[in-house]
Structures are given as C-alpha cells and as structure tokens.
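Student: sharing a model prediction with you, sequence too.
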Amino acid sequence: MTGLNRFDPSSGQFTVYSHKPNDPGSLSENIVDNVYVDHLETVWAATQNGLNKLDSKSGTFSKYYASNGLPIGNLSCILEDRSGKLWISTSRGLSKFDPVKKIFKKLLYGGWPSGRRLDGMGRVL
C-alpha cells in the first residue's frame with residue numbers, strides 16, 4: 001500500500017495521507033504494512049519506518065521509532081488486548097505498547113525463531 005487512504009462514508013470522499021519529508025506531522029513512510037483501529041477508534045499505521053498514530057481531527061501523525069523503544073525492523077502486525085495495550089510485531093521482535101503512558105515493553109528481541117512472525121490475525125507463522 002502506498003500511503004494511507006481513509007474513506008468517509010458520509011461524504012463518499014477519500015483522504016490520502018502520505019510521507020512528506022518537510023512535514024513533521026506527515027506519515028513516517030509511504031509503505032504501510034498494517035492498519036489497525038483500536039477500541040477508541042484511533043487509527044494506527046505500521047510502516048517500514050515506525051508506528052504512526054493518526055490524529056483524526058488535525059490529520060497529523062504522532063510517530064514512534066526504535067528510539068522510543070520499538071524493536072528495530074519492519075512492522076508487520078498491530079493487535080490490541082483487552083486492557084487497551086497494543087501488541088506490535090516487527091521483523092526483529094515483539095513489543096507491547098501502552099498508548100496512554102507511551103511506553104514500549106520489548107518481549108522478544110533479536111528476531112523471531114526460524115523467521116516466524118505474527119500475521120494480521122495474531123497467529124504465529
């Protein structure tokens with residue numbers, strides 16, 4: 001997927017979000033591998049360059065990178081548990097993210113055994 005497209009059913013219009021090098025509020029990368037909408041209807045986008053949280057009112061993104069505690073690697077899956085924490089799978093590990101405290105906890109780092117990863121349904125492949 002190139003960038004992120006959001007459809008508004010009431011207007012029938014699409015909004016296209018993309019990476020703009022000189023815009024710090026833009027998407028971190030145009031290659032979006034996974035999109036997840038959490039229980040608060042917050043849109044999260046997993047890219048090859050970090051985790052992005054869309055502020056739907058302003059149309060801008062907050063971004064989280066390895067420097068924030070996210071395991072290095074391409075993000076492949078975002079899932080939410082019953083407590084509202086996000087589980088993020090990357091090519092190099094697994095993290096649990098608390099969106100309220102903005103804290104990552106690395107649970108598996110250095111890569112999945114035998115190249116395994118989570119798919120979009122939370123299954124280990």
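Tutor: Yes, it's here. Numbering: from 1, shown residues only.

Student: pLDDT value on the spatially most central residue of the chain, please?
Tutor: The residue lying closest to the centre of the chain (Cα atoms, centre = their mean) is Ala46, at 3.0 Å. Confidence at Ala46, expressed as pLDDT, is 93.

Student: residues contacting it?
Tutor: When contacts are counted by Cβ atoms under 8 Å, 6 or more residues apart in numbering, Ala46 touches 32-36, 52, 75-78, 88. Bear in mind the C-beta positions are built from the backbone N, C-alpha and C, glycine included.

Student: closest to Lys106 among those residues?
Tutor: Ile88 (10.1 Å; Cβ to Cβ).

Student: tell me how many other residues crowd the closest one.
Tutor: 26 (other Cβ atoms under 10 Å).

Student: same question for Gly3.
Tutor: The burial count for Gly3: 16, using other Cβ under 10 Å.

Student: report the contact partners of the closest residue to it other than its chain neighbours.
Tutor: Nearest non-adjacent residue to Gly3, counting by Cβ to Cβ, 6 or more residues apart in numbering: Ser18, 3.8 Å away. Residues in contact with Ser18, defined by Cβ under 8 Å, 6+ apart, are 2-4, 26-27, 30.

Student: quick revisit: can you name the helix or strand that the residue nearest to the centre of the chain falls in?
Tutor: Counting by DSSP states H and E, the element that carries Ala46 is strand 43-47.

Student: and that strand, how far from the chain's centre?
Tutor: 3 Å (Cα atoms, centre = their mean, to the nearest Å).

Student: ok, now stretch 59-67?
Tutor: With Cα atoms, centre = their mean, you get 9 Å for stretch 59-67.

Student: any buried residues in it, and which?
Tutor: 60-61, 63-64 (16 or more other Cβ atoms under 10 Å).

Student: from those residues, which ones fall inside strands?
Tutor: 60-61, 63-64 (DSSP state E).

Student: buried residues of the lowest-mean-pLDDT helix or strand in the chain, list them for me.
Tutor: Using mean pLDDT, DSSP states H and E, strand 103-109 stands out as the lowest-scoring helix or strand of the chain, at a mean of 80. Applying a neighbour-count criterion of 16+ other Cβ under 10 Å, one finds Phe104 buried in strand 103-109.
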